[in-house]
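J.: Could you work out the structure for the sequence below:
(one chain, ligands or ions: 1)
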Amino acid sequence: MIQKLAKQLNCGEAALIVSLENRTYFTGFESSNGYLFVSQKGSVFITDSRYIESAKNQVKSCDDVILQTQLKTQLVEVAKKLGANKILLEAQKTTIANYDSYKKIFSDFEVSATGELDDFINELRAIKSQEEKENIIKAQRIAEKSFDLILGYIRPGKTEREIACRLDYFMLKNGADAISFKTIVVSGKNSSKPHGEPSEKRFEIGDFITMDFGACIKGYHSDMTRTVALGDVSSRQAKVYDTVLSAQLSAIDTVCAGVVASECDLVARQIIEHAGYGENFGHGTGHGVGIEIHEKPTVSKNSTEILQAGNIITIEPGIYIENSFGVRIEDMLFVKHGGSENLTNAPKALMVL
Ligand SMILES: [Mn+2]
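T.: Numbers count the residues shown, from 1 in each chain. Predicted coordinates:
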């Protein structure tokens, strides 16, 4: 991947990759500190004493890994060694304060943060390699195993917080490097908030319980959502669940390389609108997943992005009825020519526990 970036750069340009996400993407190494320089002439990774030993072993396809001692001097030295007169920064990931500081450090160079570097990296990241796909699948299998285990703990009287904590524990115990994001477990009236917080609310018979969670492997995220029922389901709940499931299945059927992402959103949205719940589906249908939990491509009403073979996206329509209940069902799909591969194995038929 460093090679692909190097090829993209013009003579005299060096990209300085500082964000955790992009550094992890190019080096395969996760650390809170690090500076990756890439030019046509080569690549150098600088990190401090906390990470240097691991970095020397784990940083992939980089010509040199060096210990950070005098950072500002080293950055300038490396830039010169790589034949740069222009430094490209990650515009989307650089604060204004850091931009000012880089302009001072590189006072003898041109410093550019136009967003073109970010666009190029985001495009690269949207198409997953076999290794990236395997990391995401591995993370997803851990999440599914944890979901299976958590079902045995869900019963009246348990709190949302307790189930969220236990789900996190299962994912970490079963091999996740980290959890993907703050796990969502919302139940009953609380489930009408798409991204509600797990609370001390206790589960009751008749609750819908929505769980949205994922695991990380080597910096790669998984993402899944299931809604289950406790004890009893009203006809209204059943209708809403069926509508979300049919929207989700139909949207999945449209996923295919070459399709405009908004088309997948439209298919899900129309089914939900026709059932009379158009006002109750406020968010987009899905998003790319990878080094970040939300990345390209965006699967929403206004997305003009074309799905490409190798994208990994979620399809996650929902219906949320304020003060009553909500339902969301989310799978991860690997986009292929002619269709997609569903990376999520957990069942979707309404489960009544
Ligand atoms: Mn998601």
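
J.: roughly how far apart are the closest residue to residue 89 other than its chain neighbours and the ion?
T.: Nearest residue to residue 89, sequence neighbours excluded (C-beta to C-beta, 6 or more residues apart in numbering): residue 113, at 4.2 Å. (Each C-beta comes from the backbone N, C-alpha and C, glycine too.) In this view, residue 113 and the ion are 29 Å apart by C-beta to the ion, to the nearest Å.

J.: just checking, residue 113 touches residue 95?
T.: No: assessed by C-beta atoms under 8 Å, residue 113 is found out of contact with residue 95, at 10.8 Å.

J.: Give me the more crowded residue out of these two.
T.: residue 113 (20 against 8; other C-beta atoms under 10 Å).

J.: Any residues of the protein in contact with the ion? List them.
T.: Contact residues (C-beta under 5 Å from the ion) of the chain with the ion: 223, 314.

J.: tell me the contacts of the residue located most distally from the centre of the chain?
T.: Distance from the C-alpha centroid of the chain, by C-alpha atoms, centre = their mean, peaks at residue 108 (37.6 Å). Counting by C-beta atoms under 8 Å, 6 or more residues apart in numbering, residue 108 makes contact with residue 76.

J.: how about 10 Å then?
T.: By C-beta atoms under 10 Å, 6 or more residues apart in numbering, the contact list for residue 108 reads 76, 79-80, 85.

J.: those helices in the stretch 1-150 of the chain, which residues are they?
T.: Secondary structure of the stretch 1-150 of the chain (DSSP state H, counting those that start in this stretch): helices at 2-8, 20-27, 52-58, 71-81, 96-105, 116-126, 130-151.

J.: how about the ones you listed in TSV, adding mean neighbour count and mean pLDDT?
T.: Below are these laid out as TSV (neighbours: other C-beta atoms under 10 Å; pLDDT from 0 to 100):
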stretch	mean neighbour count	mean pLDDT
helix 2-8	16	95
helix 20-27	22	96
helix 52-58	15	97
helix 71-81	16	97
helix 96-105	13	97
helix 116-126	18	96
helix 130-151	20	98
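
J.: Arrange the ones you listed in a markdown table, one row each, with distance to residue 172 as further columns.
T.: Formatted as a markdown table, the helices of the stretch 1-150 of the chain follow (distance: least, C-beta to C-beta, whole Å):
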| stretch | distance to residue 172 |
| --- | --- |
| helix 2-8 | 31 |
| helix 20-27 | 19 |
| helix 52-58 | 20 |
| helix 71-81 | 34 |
| helix 96-105 | 32 |
| helix 116-126 | 25 |
| helix 130-151 | 9 |
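
J.: Can you tell me which of those is nearest to residue 336?
T.: With C-beta to C-beta as the criterion, residue 336 lies closest to helix 130-151 of these, at 11.1 Å.

J.: Check which helix or strand the residue in the stretch 251-353 of the chain that the ion sits nearest to maps to.
T.: Taking C-beta to the ion, the ion has its nearest neighbour within the stretch 251-353 of the chain at residue 314, 4.4 Å off. For residue 314, the element it lies in under DSSP states H and E is strand 312-315.

J.: Please name every helix or strand in contact with that strand.
T.: Counting contacts by 3 or more C-beta pairs under 10 Å, 6 or more residues apart in numbering; DSSP states H and E, strand 312-315 is packed against helix 130-151, helix 235-254, helix 261-274, strand 286-288, strand 295-299, strand 331-336, strand 339-342.

J.: residues of the third one that come out buried?
T.: Meaning helix 261-274. Buried positions in helix 261-274, judged by neighbour count with 16 or more other C-beta atoms under 10 Å: 261-269, 271-273.

J.: same check, this time on the last one
T.: By neighbour count, and taking 16+ other C-beta under 10 Å as the criterion, the buried residues in strand 339-342 are residue 340.

J.: That strand - contacts with which helices or strands?
T.: Against strand 339-342 (3+ C-beta pairs under 10 Å, 6+ apart) you get helix 235-254, strand 312-315, strand 331-336.

J.: Direction included, what does that strand pair against?
T.: strand 331-336 (antiparallel) (DSSP bridges).

J.: Go through the strand it pairs with and flag the buried ones.
T.: For strand 331-336, the neighbour count (16+ other C-beta under 10 Å) marks 331-336 as buried.

J.: How about stretch 279-298?
T.: 280-281, 284-293, 295-298.

J.: do the same with stretch 156-167
T.: Buried residues in stretch 156-167 (16+ other C-beta under 10 Å): 158-160, 162-164, 166-167.

J.: same deal with stretch 190-199?
T.: 190-192, 194, 196, 198.

J.: any idea how the chain splits into domains?
T.: 2-125, 130-342 (automatic domain parsing).

J.: Need the distance between the two termini of the first one.
T.: Distances were taken as C-alpha to C-alpha, to the nearest Å; on that basis the terminal residues of domain 2-125 are 12 Å apart.

J.: Then the last one?
T.: Domain 130-342 has an end-to-end distance of 15 Å (C-alpha to C-alpha).

J.: from the chain's centre, how far out does it sit?
T.: Remark: domain 130-342 is offset 12 Å from the chain centroid, using C-alpha atoms, centre = their mean, to the nearest Å.

J.: do stretch 105-119 as well
T.: 26 Å.

J.: what about it, how long is it end to end?
T.: First-to-last residue span, stretch 105-119, C-alpha to C-alpha: 25 Å.

J.: Roughly how far does the residue farthest from the centre of the chain sit from the ion?
T.: For residue 108, the distance to the ion - C-beta to the ion - is 45 Å.

J.: again, but for residue 243
T.: From residue 243 to the ion the distance is 19 Å (C-beta to the ion).

J.: any idea whether the nearest residue to residue 206 once chain neighbours are set aside is helix, strand or coil?
T.: Distances taken as C-beta to C-beta, 6+ apart place residue 232 nearest to residue 206, at 4.8 Å, with adjacent residues excluded. The three-state label given to residue 232 by DSSP: H, G, I helix; E, B strand; the rest coil is coil.
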